[in-house]
Each structure stands twice: as structure tokens, then as C-alpha cells.
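kindly return the folded structure for what I paste below:
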Amino acid sequence: VFLAEHPNLFTKAPYLVEKLANDEDWYIRGQIAQNPYLFDKAPHLVEKLANDEDWGVRLQIALHPDLFTQAPHLVEKLANDKYWLVRRAISEHPDLFTKFPHLVEKFANDENKDIRATIARNPNLFTKFPHLVEKFANDEDINVRHTIISYPDLFTKFPHLVEKFANDGYWDVRYQIASYPDLFTKFPHLVEKFANDGRSDIRATIARNPNLFTKAPYLVEKLANDEDWYIREQIARHPDLFTKFPNLAEKLANDEDKIVRYQIAQNPNLFTQPHIAEKLANDGNKGIRIEISQNPNLFDLPNVAEKLVNDENLDVRLQIAKNPNLFTKAPHLVEKLANDKNFRVRMIIANKPMLGDYPEIAKKLLNDKSSLVRYAAKNSLENKYQKYKQPRLKFRKMKKALKITGIILLVLLIALFTAPFIFESQLKDFVKRTINDNVNATVEFSDLSLSFFRSFPQATLVLSDVSVVNHAPFAGDTLASGKEIL
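The predicted structure follows:
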């Protein structure tokens, strides 16, 4: 077994291949049959293995990727194999329709339903063998017929078969036709047939079709009175029910089945009929009352909202407290919920960002007997404070920074202005000494002034009553004198 399964058998030990191909164990022969090198390295063994007594070995030859190109004469033999799995392997080959078209007809009439279904699902069937489509549409096996229905071209190229399938004895076949998106526009005569079908799944498909209310309004009332609650539910959830059939909406709101009434409660147009909404707000099923409680339009009907705020069921009151429009549309109910006997309801109110707009309620919740409610109220108020505090805090920080910057600039200005006066004598001696050390003359001046503003940003040094007297060999000669030198 190890040798037969080894990937390098044909290249490293070709002398063992024939021996293994004649092994008494069918599994070992099967490993040789499926080896990718078989057709290239040992073509003389292909026919032997294609005639093997064990169907598992023949199946490996039928599945081999080189069969159709390197041993086409064996394709027909395997197509007539007595074992159906071998025949099916040939029928599944992607090149069957192009290289062996005569075998397509043979497989289309095969006694095995899986082989017929394989041909029926081949994408080339409708283009290359359209005459077989009708044959498969009449096949005794449901899977074969079902395969034909799944083709998108069936409704456009074979409309006569649609009618046939619409009358099929098997409900799943009819269901596929009833689910066709364009049924109401292309096959309107079948709509009523399916609306009266004995199978509820098929009637439900018609009931939930978005075209029902516009293309077949005459069927709406029939389906709204269907004996099966699932069909009535589909009508109840349709958005056009309240605008086009308000009488049916009221009927379904009184339906004996709670799921149907629940769908009415969920309908987006429920509040266009206030009396229906009010009726459902009094429904015995808490799930329906909960659905009404969380509707954003609830507070357009104050009496309904008031009733639900006082509902005995905790979940109903919780949904009222969570309603996004509570604080804006029914502020008078906020206080009622803030006094609810259950801490969870009070905690939801305490968590609301708008709590700070109701100081009396906030004060009460801050002193609530439940620590969780108090904590929630405190957080809500702090968050509200932070919301307004942040811009002011930012402004304060900016103001402080500007103040510090201004003080620093002022100190620098004062320092620049006063420095010349504070250090005047030291500066005068330093300048006189530096000049005399660097020239061959005696430089004298009566006064010195330094300014940082006269030619800002450069500093200006002014010497008054300046005289420059020469040294030897012209000692005593005045070289230069002036009232002011900059």
C-alpha cells in the first residue's frame, strides 16, 4: 500500500508499477489507476485497469483527468459500465457535451436518476441540447425536474414549461415557480392558482410577494382570511395594508393568533390608524404591548402612552422608559417613570442625558433608595456638566497661557528699557577701555547712551563729545572730534 501510494513510484521505481497494477488487493490497483503519471508512463496498463473486475478501480480510471484526451476510446466503454458511479463520473466530465455529444443523449435516458440529474444541471444543456430540457421537465424524479426549474433561462426560453411546473404534483416544484420574482408581471394567470394552492407554503409565497397589493389586490382579502396563520401573518406585515386595506388591518389586529397581531403591532404604518394602536396597547399578550411601547410614534397618542406607562408588566414599562422620544414628546411621563416601583425603570430614566433639564426629577433620583439609580443619575449629571464645562475649561487654559506670555514680554521690554541706565557706568568704562586697547590713539568721550528701540531690532550706541588724540610720533595731534558718534 505504501509503495502504491508513493508519489514518486512511477519516476523512481517504474519496474514495480506493473506488479502493483496486478496486485490481488483492489485498493492497491486503484492507487495505480489514479496516479497522475499512469497515462504517460504506463499507457499499456490503462486499458487493463479500465476493465478491472472491481468497480472502484474502474471508477479511478473514469475520474482520471487524462482519460478524455489520451484514451478517448475508453470513454464510451466506461459510459456503458454496469456500475452507476462509474457512469456518473463520465457524465460529470466538463468536456462531455463538446467531445462526446452522442453520450449526452444516452445519459439523459440512463436508468439512474443521479446520472440524469447530472446531465440536467450541466450549464450547456439549454444551448446545446434544448430538446432534452422538455424531457427532463417531465422526468419522474423530483430532483431532475427541480434542477430544470433552477435555470434562470427557463422562464424566458421555455415559458410553456412554467405552466407545466405550476401544475406539478410535487409541492416543492410548484413552490419554485410561485417564488419567481416576475410571476405577477409575466405569468399573472398563475398568481390566483397559487393563491388557492392546497399547500400553505405556496400560498404564503404569494402573500409575501411585494407586488400583491398593486398587481392582484383582489387576492389580499382572500389571503387575509386564510385558514393558516402564517399566510395571514404575511398580509399583516405588508406596509401598504394600513393605507389600502384599513378594514383588513383592523380585522387582523383582532386575529385569534398572537403572531398575526404581533405583525400588525410591528407594521410601520400602525399609527396611521390610532384606534388599532389603542386596541393593541390593551392586548392580553405582553409582547404586543412591548412592541407598541417602543414605537417612536407612541407619544402621538397620549392616552395610549399613559396607559402603557401604568402597565402591570415590567418589560412594557422598561420599553416606554427606553423610547427615544420620551423626554421630547412626553416630559410629563418622565416623572411618573422616575417614581416607578422597579429600580430598573428608574435607572433607565437616571441614565438619560437629558436628566439635567429636569432638576426636580434629577434631585429625586440622586436620593433614590437604590445605589445603582443614584450612581446612574450622578453620572448623567456629571456628563452634562462636563459637556458645557469643556469649552470653558479650554478657554481658561488659553487665557492663562496668553497671560503668562504677556507677562514675559512685558518683563523683557522693561529689562531692555532699563538695562542701559542700570549698567551705564560699567558700560562706559568697558567701551572706553576696549576702544583704547584696539587703536594707536587716546579716545575720550563725555557720555554714552545705549538704546534697544532706536533702530530695533539692532541696538544703538551713541558717544557724546568724542575726541581722538594721536600717540608718538605725532603725539598730541587731534585726529578726530565730534559732538556725537553712533
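
okay, CA-based contacts and neighbour counts for the rest of this
Noted.

Phe136: what's it in contact with?
108, 120, 144-145, 148 (C-alpha atoms under 8 Å, 6 or more residues apart in numbering).

I'd like the distance from whichever strand or helix holds it to the chain centre, please.
Element membership for Phe136 (DSSP states H and E) is helix 130-137. Distance, stretch centre to chain centre, for helix 130-137: 42 Å (C-alpha atoms, centre = their mean, to the nearest Å).

and Asn342, how many neighbours?
For Asn342, the neighbour count with other C-alpha atoms under 10 Å is 14.

ok, back up a step: helix or strand right after the helix holding Phe136?
Once helix 130-137 ends, the next helix or strand along the chain (criterion: DSSP H and E) is helix 142-149.

quick one: that next one to chain centroid distance?
Here helix 142-149 is found 35 Å from its chain centre; the criterion is C-alpha atoms, centre = their mean.

likewise for stretch 218-225?
37 Å.

which of the residues in the helix holding Phe136 are buried?
Within helix 130-137, the residues that count as buried by 16 or more other C-alpha atoms under 10 Å are 132-133, 136-137.

now stretch 203-218
203-209, 211-213.

stretch 156-169 now?
Quick answer for stretch 156-169 (16+ other C-alpha under 10 Å): 161-163, 165-168.

now the end-to-end length of that stretch.
For stretch 156-169, the first-to-last residue distance is 23 Å (C-alpha to C-alpha, to the nearest Å).

and that stretch, what's its mean pLDDT?
Stretch 156-169 carries an average pLDDT of 91.

what's Asp226 sitting at in phi/psi?
phi -60, psi 150 (degrees, to the nearest 10).

report how many residues lie close to the residue nearest to it when sequence neighbours are not counted.
Here the nearest residue to Asp226 in space, its sequence neighbours aside, is Arg232; by C-alpha to C-alpha, 6 or more residues apart in numbering that works out to 6.2 Å. Neighbours of Arg232 under the rule other C-alpha under 10 Å: 27.

other SSEs contacting the helix or strand harbouring Arg232?
Taking DSSP H and E as the criterion, Arg232 maps to helix 229-236. Here helix 229-236 touches helix 200-207, helix 220-224, helix 246-253, helix 258-266, going by 3 or more C-alpha pairs under 8 Å, 6 or more residues apart in numbering; DSSP states H and E.

can you list those in CSV and add mean pLDDT and distance to Glu24?
Putting the helices and strands packed on helix 229-236 into CSV (pLDDT from 0 to 100; distance: least, C-alpha to C-alpha, whole Å) gives the following:
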stretch, mean pLDDT, distance to Glu24
helix 200-207, 96, 55
helix 220-224, 96, 68
helix 246-253, 96, 74
helix 258-266, 96, 66
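
so which of these is nearest Arg433?
helix 258-266 (100.8 Å; C-alpha to C-alpha).

contact partners for the residue nearest to Ala338 when sequence neighbours are not counted?
Leaving aside its chain neighbours, Ala338 sits nearest to Arg346 (4.8 Å; criterion: C-alpha to C-alpha, 6+ apart). Contacts for Arg346 (C-alpha under 8 Å, 6+ apart) come out as 337-340, 365, 373.

what's the answer for Lys41, then?
Each residue near Lys41 by C-alpha under 8 Å, 6+ apart is listed here: Phe10.

that one and Gln294, how far apart?
75 Å.

got it, and Tyr358?
For Tyr358, the distance to Gln294 - C-alpha to C-alpha - is 22 Å.

equivalent analysis for Val469, please.
105 Å.

please apply the same query to Ser467.
Per C-alpha to C-alpha, Ser467 is found 101 Å from Gln294.

and Tyr358 and Gln294? which has more neighbours close in?
Neighbour count, other C-alpha under 10 Å: between Tyr358 and Gln294, Gln294 has more, with 20 against 13.

was I right about that one contacting Gln319?
Yes: counting by C-alpha atoms under 8 Å, Gln294 touches Gln319, with 5.4 Å between them.

for the residue nearest to Asp226, give me its contacts.
Going by C-alpha under 8 Å, 6+ apart, Arg232 touches 223-226, 252, 260.

sorry, back to before: rebuild the contacts of Phe136 as a markdown table, extending it with neighbour count.
Output for the contacts of Phe136, formatted as a markdown table (neighbours: other C-alpha atoms under 10 Å):
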| residue | neighbour count |
| --- | --- |
| Ala108 | 22 |
| Ala120 | 27 |
| Val144 | 23 |
| Arg145 | 23 |
| Ile148 | 25 |
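
closest one to Thr405 out of those, please.
Ile148 (84.6 Å).

contacting residues for the closest one?
Neighbours of Ile148 in contact, by C-alpha under 8 Å, 6+ apart: 120-121, 133, 136-137, 154.
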